[in-house]
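**Q** I would like the atomic coordinates for the input below:
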Amino acid sequence: MPQAPAAALLRSGIRAIGSSWTPMGKKQLRKKVGTLEQRIREHGTKILVERARAQPDEGRVRHLETEIRAFRNGIERARKRLGERK
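**A** All right, here's what the predicted structure looks like:
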């Protein structure tokens, strides 16, 4: 049976321990939310820098915006698993 990519497993809230997969605990989910929030801030800064250039690369901006949406979805899923509201 093929194994799922690590990124997909992390997005689903599952982490690897040895050779078995277990659900992420509350501490790990809270850490994930903090990490994703930091990544959103970093990408927002990158977008501002790119748009300030004389000839901004709109493809890069779209890519960063897509990643920000993915980070927000990850935060929403983690908070849902934690039983939190927005």
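**Q** Quick one: mean pLDDT for stretch 28-40?
**A** Across stretch 28-40, the average pLDDT comes to 97.
**Q** how about it: buried residues?
**A** Residues of stretch 28-40 classed as buried: Leu29, Lys32, Val33, Leu36, Arg39, Ile40 (neighbour count, 16 or more other CB atoms under 10 Å). To be clear about C-beta, it is placed using only N, CA and C from the backbone, and glycine gets the same treatment.
**Q** For the second one, give its distance to Arg77.
**A** Read that as Lys32. 9 Å (CB to CB, to the nearest Å).
**Q** before we move on, the earlier item: inside strands: which ones of the buried residues of stretch 28-40?
**A** Within the buried residues of stretch 28-40, no residue falls in strands by DSSP state E.
**Q** Show me which of those is closest to Arg69.
**A** Nearest to Arg69 out of the buried residues of stretch 28-40 is Ile40 (CB to CB; 9.8 Å).
**Q** Hmm, the closest one is touching Arg69, no?
**A** No. In terms of CB atoms under 8 Å, Ile40 does not count as a neighbour of Arg69; the distance is 9.8 Å.
**Q** Great, nothing more from me.
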